[in-house]
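S.K.: Build me a model from this:
(2 chains)
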Amino acid sequence: VVNAPRDTARTTEVARAFAGLTDALVNEYDVTELLQRLVDHYVSLLDAAAAGLMLTDQRGSLRLAVATDERIEALELLQLRLAEGPCLDCFRQGRPVFGTDLAGDPGRWPRFVPAVLDAGYQAVHALPLRLDGYTLGGMNLFYADRSALSDDQAEVAQALANLATVGILQHHGTRRSTTLTQQLEIVLNARATIGQARGFLAETGDLGSEDALQALRGYARAHGLYLADVARGIVERTLDAREVLGGDAPR
Amino acid sequence: VTERGRAARQFLARIAGRAGHSSAHMEIPRLVCAVCTEVLPVTDAAVMLMAHPDDRHTLQATSAAMSEVEELQFSLGEGPSVEAFTSGGPVLVQDISVADVRWPVFTGQRHPARVRAIYAFPLRQGGISIGVLSLARDRPAELTEDERAESLLTADAVTLTMLKYLHDHDPAYGDVASQAAAHMWDQMKVDEAIGMVMAQLNSSAAMALARLRATAFVRGQSLPEVANEVVNRTLRFDPEPPESGRERRPW
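M.R.: Numbers count the residues shown, from 1 in each chain, chains lettered A, B, ... in the order given. The predicted model follows:
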């Protein structure tokens, strides 16, 4: 339950976040980065511990698009492997799914719940990305305590999910006429290039996978570049991995 | 998951049924096209293999008309198949005789009567592009959601088939099918491993994948198993001259 003074501050924060996101949408943007910002907003605006986004592969299943950290990546992939969990239910049913007290309801997703509890989360919610009756994917929120979303929070959560839908659909929309089918594949493919760049950085800098991703994101942010472009540069060797790794030091 | 594995297995079984043991690997693109028109509700199919849009390599098609339409697109540098390759997402066009601002010169040409609708799918695994699968119908038509899913699954199977043949010309189909099933949830680790091996070998992504696959084949392991060892740093690759007598391919 959110009290009144905090509510005002929170409202301002929500308004700022939406202003920033919609501002991005009317300009040129990188869709992976926009989605990454969205999952980060779930943490800051809705007090989630972590968040992840899965998108339809248009072949009858889901694939991971972005996540706030590596633990969530593992849990999202586990949902896919087990073929059970809130995101899959949300995707199949096309509506929000709230797993508020997982410890008290372990039978709901019998194989997924123990892994979630092990990872330190007590509640998981999933919100659908919907467009005109079609479900594109699901946004997952992970909470360290047994949190239920208030009605207001659920509304903000769904609005952010809707922005993700618009962001995917609208990408390149002003310059090129692309379709949702094409767009979804492009988003999921961009993830592969980022994964390769991550491995390349991990090997070159002798880093862990998470640190490699942070180096990648840090370099993109510091140089005002798109994450996907930096990743492509590393993979295609037009950008020196050592320069990306030396991001903190002045060049 | 099972959908993907099953589709790949069926597709490969059909190819295996058609290809003799001694069949030259360049026979494979032709068989791939033929099988596509058997398993999907389309009248023509073409496979274009290439590393870059301006580096056309191999074209196979089920008819002279389809060849003509594909050749035209790649010589003009515009059209749905070119767009699918460059964007990395499927491009579905109901009727190529209708003017389209995305490819004005192409739609302005007179096309053979039997090619009206074109559905172009990039052949990609992770961030590696090897070409385009173009499917055609002899009348204007949209793909239904189910047909789109089937086509995407088929394009995945074609990608794996072509990678398999291009890299090691090995007729071990079972390996490819299990890889297709494992592909989805383990793709992330595979991508990271590709990036790490690229840094170890100072090679392209395609070459790194080829080495990973060859190792998996020799050891009788799956690709994700080998990828995990690389990511966990229990397996490293040393730069080696390419095996003598084997042609180096650009992808």
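
S.K.: check contacts around the closest residue to chain B within chain A.
M.R.: For chain A, the residue closest to chain B is residue A:199, as judged by CB to the nearest CB, at 2.5 Å. No exception for glycine: its C-beta is placed from N, CA and C like everyone else's. Residues counted as contacts of residue A:199 (CB atoms under 8 Å, 6 or more residues apart in numbering or on different chains) are A:209, A:212, B:191-199, B:231.

S.K.: now these in JSON lines, with distance to residue B:124, neighbour count and secondary structure?
M.R.: Below are the contacts of residue A:199 laid out as JSON lines (distance: CB to CB, whole Å; neighbours: other CB atoms under 10 Å in any protein chain shown; DSSP: H, G, I helix; E, B strand; the rest coil):
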{"residue": "A:209", "distance to residue B:124": "22", "neighbour count": "20", "secondary structure": "helix"}
{"residue": "A:212", "distance to residue B:124": "23", "neighbour count": "26", "secondary structure": "helix"}
{"residue": "B:191", "distance to residue B:124": "12", "neighbour count": "28", "secondary structure": "helix"}
{"residue": "B:192", "distance to residue B:124": "17", "neighbour count": "27", "secondary structure": "helix"}
{"residue": "B:193", "distance to residue B:124": "17", "neighbour count": "30", "secondary structure": "helix"}
{"residue": "B:194", "distance to residue B:124": "13", "neighbour count": "31", "secondary structure": "helix"}
{"residue": "B:195", "distance to residue B:124": "16", "neighbour count": "35", "secondary structure": "helix"}
{"residue": "B:196", "distance to residue B:124": "20", "neighbour count": "29", "secondary structure": "helix"}
{"residue": "B:197", "distance to residue B:124": "18", "neighbour count": "28", "secondary structure": "helix"}
{"residue": "B:198", "distance to residue B:124": "17", "neighbour count": "28", "secondary structure": "helix"}
{"residue": "B:199", "distance to residue B:124": "21", "neighbour count": "21", "secondary structure": "helix"}
{"residue": "B:231", "distance to residue B:124": "21", "neighbour count": "22", "secondary structure": "helix"}
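
S.K.: before we move on, the earlier item: ok, now how distant is the nearest residue to the residue of chain A closest to chain B once chain neighbours are set aside from residue B:89?
M.R.: Spatial nearest neighbour of residue A:199, excluding adjacent residues (CB to CB, 6 or more residues apart in numbering or on different chains): residue B:195 at 2.5 Å. Distance of residue B:195 to residue B:89, computed by CB to CB, to the nearest Å: 22 Å.

S.K.: mind listing what the closest residue to chain A within the stretch 51-200 of chain B touches?
M.R.: Here the stretch 51-200 of chain B gets closest to chain A at one residue, residue B:195, 2.5 Å apart by CB to the nearest CB. Shown in contact with residue B:195 (CB under 8 Å, 6+ apart): A:195-203, A:235, B:205, B:208.

S.K.: cool, and residue B:64?
M.R.: residue B:112.

S.K.: With residue B:115 as the reference, measure out to it.
M.R.: Taking CB to CB, one finds residue B:64 at 11 Å from residue B:115.

S.K.: in chain A, which spans are strands?
M.R.: A:50-56, A:62-67, A:97-99, A:123-131, A:134-143 (DSSP state E).

S.K.: Which neighbouring elements make contact with the fourth one?
M.R.: What it means is strand A:123-131. helix A:86-93, strand A:97-99, strand A:134-143, helix A:151-170 (3 or more CB pairs under 8 Å, 6 or more residues apart in numbering or on different chains; DSSP states H and E).

S.K.: swap the cut-off to 10 Å and go again
M.R.: Helices and strands touching strand A:123-131, by 3 or more CB pairs under 10 Å, 6 or more residues apart in numbering or on different chains; DSSP states H and E, are helix A:31-46, strand A:50-56, helix A:70-82, helix A:86-93, strand A:97-99, helix A:112-118, strand A:134-143, helix A:151-170.

S.K.: For these, could you give me a markdown table that also reports mean pLDDT?
M.R.: Listed next are the helices and strands packed on strand A:123-131 as a markdown table, based on pLDDT from 0 to 100:
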| stretch | mean pLDDT |
| --- | --- |
| helix A:31-46 | 91 |
| strand A:50-56 | 95 |
| helix A:70-82 | 88 |
| helix A:86-93 | 96 |
| strand A:97-99 | 96 |
| helix A:112-118 | 95 |
| strand A:134-143 | 95 |
| helix A:151-170 | 92 |
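
S.K.: Which one, of these, ends up nearest to residue B:9?
M.R.: helix A:70-82 (19.2 Å; CB to CB).

S.K.: Any buried residues in that closest one, and which?
M.R.: The neighbour-count check on helix A:70-82 (16 or more other CB atoms under 10 Å in any protein chain shown) flags A:71-73, A:75-80 as buried.

S.K.: Near chain B, which residues of the stretch 1-150 of chain A are found?
M.R.: A:56-64, A:73-74, A:76-83, A:134 (CB under 10 Å from any CB of the partner chain).

S.K.: Check what pLDDT the closest residue in space to residue B:67 that isn't next to it in sequence gets.
M.R.: Counting by CB to CB, 6+ apart, residue B:61 is the residue found nearest to residue B:67 once chain neighbours are left out, at 4.2 Å. At residue B:61, the pLDDT value in this model is 95.
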